[in-house]
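1. Just the structure for this:
(one chain, ligands or ions: 1)
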Amino acid sequence: MQFVAVAEGQLAVVGPVRLPIKQGDFDATFQWYSWLHTENGVTKEDVLRHLPMLNLASAQQSSVLVYGDFQTAENPLIRFHSICHTGDIFGSQRCDCGYQLHESMKMIKEHGAGAIFYIADHEGRGIGLFSKSLAYLLQEEGFDTVEANEALGFEDDTRNYEQALAVLKALRSAPVTLITNNPKKLEALQQAGLSAHGHVPLWGGVTDSNRFYLETKMQKSGHVRDGSWTV
Ligand SMILES: Nc1nc2c(ncn2[C@@H]2O[C@H](COP(=O)(O)OP(=O)(O)OP(=O)(O)O)[C@@H](O)[C@H]2O)c(=O)[nH]1
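-> All right, here's what the predicted structure looks like:
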């Protein structure tokens with residue numbers, strides 16, 4: 001078992017686990033790593049000693065799917081994917097999350113090297129799954145995504161990318177290119193000194209059910225459709 005300890009961020013990273021994936025007619029073999037934020041020490045011995053007491057099933061852990069020779073490839077693509085239980089697992093058409101997850105896997109395979117960080121504490125842009133269901137009920141009453149979050153007492157977007165960035169640094173030291181339409185994600189990567197060539201946009205999967213959600217992303221949350229911007 002390989003154990004990559006990232007002491008500074010109190011993160012223990014485990015992997016690679018070979019993960020052959022098949023979704024419809026797409027298939028690829030990724031190398032999968034999971035990570036744990038812990039204050040009990042990040043060595044293998046520390047983690048194994050505390051593992052049975054941690055009740056890890058009650059809070060999700062994040063992970064990363066790595067493709068190709070990620071450590072040394074010249075300009076791999078990465079995605080910071082915020083967990084979306086409804087879109088990624090159920091295939092909900094209220095958002096574009098499921099489309100973006102599967103499309104980015106295809107893009108990375110085609111590109112030859114990259115990684116998808118699946119960030120587990122980002123549900124509902126940081127408000128959590130239960131709160132997201134309440135936000136959806138408000139949206140049925142006419143609120144948009146941002147208004148619904150705010151009506152529940154949240155800021156629209158409380159996500160941070162620190163853990164994913166620390167794990168990225170553990171897997172590779174040279175810059176990467178981010179698949180996103182969200183300038184805040186690119187800014188986080190740039191501030192960490194890990195952004196290579198701006199970003200690659202990822203639009204698509206538009207349906208009657210998510211059209212208003214996508215428009216709100218552009219009009220209120222700063223997402224951009226044009227691939228030419230940098231921050
Ligand atoms: N609060 C809330 N969260 C949502 C809603 N629809 C999707 N999400 C969450 O939004 C997150 C995805 O964020 P988005 O703003 O759609 O996209 P992004 O990740 O910022 O940007 P991209 O990299 O371009 O995809 C996931 O955590 C989803 O669970 C919604 O209606 N309300």
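2. Quickly find the element holding R49.
-> helix 44-50 (DSSP states H and E).
3. what comes up buried for that helix?
-> V47 (16 or more other C-beta atoms under 10 Å). Using the backbone N, CA and C atoms, a C-beta is placed for each residue, glycine as well.
4. Which SSE is immediately downstream of it?
-> Once the chain leaves helix 44-50, the next helix or strand it forms, by DSSP H and E, is strand 62-67.
5. who touches the helix or strand following that next one?
-> Remark: after strand 62-67, the chain's next helix or strand is strand 77-82, criterion DSSP H and E. Strand 77-82 is contacted by residues 88, 97, 100-101, 104, 107-108, 111, 113-119, 122-123, 125, 159, 161, 164, 168, 176-180, 185, 188-189, 200, 202 when judged by C-beta atoms under 8 Å, 6 or more residues apart in numbering.
6. And stretch 132-144, by the same measure?
-> By C-beta under 8 Å, 6+ apart, stretch 132-144 touches 85-86, 94, 123-124, 127, 145, 147-149, 151-152, 212, 216, 220.
7. where exactly do the helices run in the protein?
-> 44-50, 97-111, 123-126, 129-140, 145-151, 162-171, 183-191, 211-220 (DSSP state H).
8. distance between the longest one and the chain's centre?
-> Taking C-alpha atoms, centre = their mean, to the nearest Å, one finds helix 97-111 lying 12 Å from the centre of the chain it belongs to.
9. Could you do the fourth one as well?
-> Averaged C-alpha coordinates place helix 129-140 at 21 Å from its chain's average position (C-alpha atoms, centre = their mean).
10. mean confidence for it?
-> On average, the pLDDT along helix 129-140 is 97.
11. quick one: buried residues of it?
-> Buried residues in helix 129-140, counted by 16+ other C-beta under 10 Å: 131-132, 134-136, 138-139.
12. Output the residues you listed in TSV; the columns should cover distance to the ligand.
-> What follows is the buried residues of helix 129-140, written out as TSV (distance: C-beta to the nearest ligand atom, whole Å):
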residue	distance to the ligand
S131	7
K132	5
L134	9
A135	5
Y136	6
L138	9
Q139	6
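13. For the ligand, tell me which of the contacts of strand 77-82 show up nearby.
-> The residues of the contacts of strand 77-82 that also fall near the ligand, by C-beta under 6 Å from any ligand atom, are 97, 100, 122-123, 125, 180, 185, 202.
14. who does the spatially most central residue of the chain bridge with?
-> Nearest to the geometric centre of the chain sits H81, at 2.0 Å (C-alpha atoms, centre = their mean). Under DSSP bridges, the beta-bridge partners of H81 are Y118.
15. about what we covered before: now the two most distant members of the ones next to the ligand among the contacts of strand 77-82.
-> E123 and L202 (19.5 Å; C-beta to C-beta).
16. what does this structure put close to the ligand?
-> Residues of the chain lying close to the ligand by C-beta under 6 Å from any ligand atom are 82-84, 95, 97, 100, 122-125, 127, 132, 135, 145, 149, 180-182, 185, 202, 213, 217, 221, 223.
17. OK, contacts around V14?
-> 1-4, 33-36.
18. Buried ones among these?
-> 4, 33-36.
19. can those residues go into JSON lines with extra columns for distance to I21?
-> What follows is these, written out as JSON lines (distance: C-beta to C-beta, whole Å):
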{"residue": "V4", "distance to I21": "22"}
{"residue": "Y33", "distance to I21": "15"}
{"residue": "S34", "distance to I21": "15"}
{"residue": "W35", "distance to I21": "19"}
{"residue": "L36", "distance to I21": "23"}
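20. Much appreciated, bye for now.
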